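Q: only geometry, no sequence info:
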Ligand code: CA
């Protein structure tokens, strides 16, 4: 379920936001103060997006944003700023907000921004809108989505080159299987090459290890099979 926290002290605006986001398919959690929003956020760690008004009676929206961001990098945060306050959007983005919507806004404007941020949040989490699918390869703490070609480790995206992606995919599709350098080369680069295949494989494995291993000098995911090649995992 797509879950949104809506923080707004003015009831008419809050109702307007809640109504429109509910219609767009979001489950809403409402708060009228920053303090309450933080309580609700702690109680529901599965919130995907927080829509935060800036001007509030107690702690303001920026403080709420900063505080949420300190404990959660993945949640999407949109600030509701006053149109006259150009500095609000800068302050918001500096405090960790992802986007802002200036008041007054139309339902469409709001939904477009929330939808697009929601998609980004899901990409970051490495899941598609249908989380369990054949496009997902899982080897905790890794998730590889073969549709979006995104690899995450503990939910954090790891930037891969296309070659590195092909290597990870090959390994994650065959956990525990040892591949010779020849086989790896053929799978990733194809047949038409006459250079030093072993060296190319080794260099790329080394580079990939730097990105994915906890400690690239003693790799635990991509294991070396001495005199042969490489294998993903221990078994
Ligand atoms: Ca307000």
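A: Here it is on my side, so go on. As the structure is a prediction and not an experimental result, all values here were calculated from the model.
Q: Which positions in whichever strand or helix holds residue 122 come out as buried?
A: Assigned by DSSP states H and E, residue 122 belongs to helix 107-125. If you call a residue buried by 16 or more other Cβ atoms under 10 Å, then helix 107-125 has these buried ones: 110-111, 113-115, 117-118, 121-122, 124-125. The way it works is simple: take the backbone N, C-alpha and C, and place the C-beta from them, glycine included.
Q: go on, stretch 227-235?
A: 229-232.
Q: I'd like those as a markdown table, with distance to residue 101 appended.
A: A markdown table is the format used below for those (distance: Cβ to Cβ, whole Å):
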| residue | distance to residue 101 |
| --- | --- |
| 229 | 52 |
| 230 | 48 |
| 231 | 49 |
| 232 | 44 |
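Q: The ion: which of the residues you listed is nearest?
A: residue 232 (51.7 Å; Cβ to the ion).
Q: And for the nearest residue to residue 2 once chain neighbours are set aside, the neighbour number?
A: Closest residue to residue 2 apart from its sequence neighbours, by Cβ to Cβ, 6 or more residues apart in numbering: residue 26 at 4.9 Å. By other Cβ atoms under 10 Å, 22 other residues sit near residue 26.
Q: Can you read off the pLDDT for residue 26?
A: Per-residue confidence (pLDDT) for residue 26: 95.
Q: just residue 191 next, same as before
A: 72.
Q: burial count for it?
A: Residue 191: 7 neighbours (other Cβ under 10 Å).
Q: got a list of what the residue in the chain that the ion sits nearest to touches?
A: The nearest approach of the chain to the ion comes at residue 55, 4.0 Å away (Cβ to the ion). Applying Cβ atoms under 8 Å, 6 or more residues apart in numbering to residue 55 gives the contacts 9, 61, 82.
Q: Please state the backbone phi and psi of it?
A: Per-residue torsions, residue 55: phi -80, psi 110 (degrees, to the nearest 10).
Q: Residue 227 should be in a helix, yeah?
A: No. Residue 227 is assigned coil when assessed by DSSP: H, G, I helix; E, B strand; the rest coil, not a helix.
Q: what packs against the helix or strand bottoming out on mean pLDDT in the chain?
A: Across the helices and strands of the chain, mean confidence by mean pLDDT, DSSP states H and E is lowest for helix 86-94: a mean of 72. Counting by 3 or more Cβ pairs under 8 Å, 6 or more residues apart in numbering; DSSP states H and E, the packing neighbours recorded for helix 86-94 are helix 61-71, strand 76-82, strand 99-103.
Q: Out of those, which one sits most buried?
A: strand 76-82 (a mean of 23; mean count of other Cβ atoms under 10 Å).
Q: how close does residue 123 sit to residue 187?
A: 26 Å (Cβ to Cβ, to the nearest Å).
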